[in-house]
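1. sequence first, predicted model second:
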Amino acid sequence: MKIDTVKELREVELVYRGICSDTEELIKSLEMSTNMNPYGKKELLKGVKDNLGFFTQSRQGVTNIISKLDENFRNISREEIENIA
């Protein structure tokens, strides 16, 4: 079960990384745009940056969970593993 859980969490982490990367590219593109209404551009950038913050926090949360699972798994003694088997 642990292996499946970590594998799935790593896949989720990769998705979040992709979303963050794409969002950062969108922000750069919006910032460079010269043919937008300044107020609309400002509001759109604010919303996109807020979303980036949310996804960055979510990605970090998943990364922290994976680290904790890995740490817990490394702390299992050989005797405990043999008892499980």
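-> Arrived safely. Residues are numbered from 1 along each chain as shown.

2. gap between residue 26 and residue 13?
-> 20 Å (Cβ to Cβ, to the nearest Å). For the C-beta atoms, the positions are set from N, CA and C on the backbone; glycine is no exception.

3. residue contacts, the residue sitting nearest the centre point of the chain?
-> Note on the chain: the residue nearest the mean C-alpha position is residue 59, at 1.9 Å, using Cα atoms, centre = their mean. Residues in contact with residue 59, defined by Cβ atoms under 8 Å, 6 or more residues apart in numbering, are 13, 16, 17, 20.

4. okay, and which of those map to helices?
-> Per DSSP state H, helices hold the following members of the contacts of residue 59: 13, 16, 17, 20.

5. state the pLDDT value of the third one.
-> pLDDT, the model's per-residue confidence, is 94 for residue 17.

6. how about it, nearest residue that isn't a chain neighbour?
-> With sequence-adjacent residues excluded and distances taken as Cβ to Cβ, 6 or more residues apart in numbering, residue 17 is closest to residue 59, at 6.3 Å.
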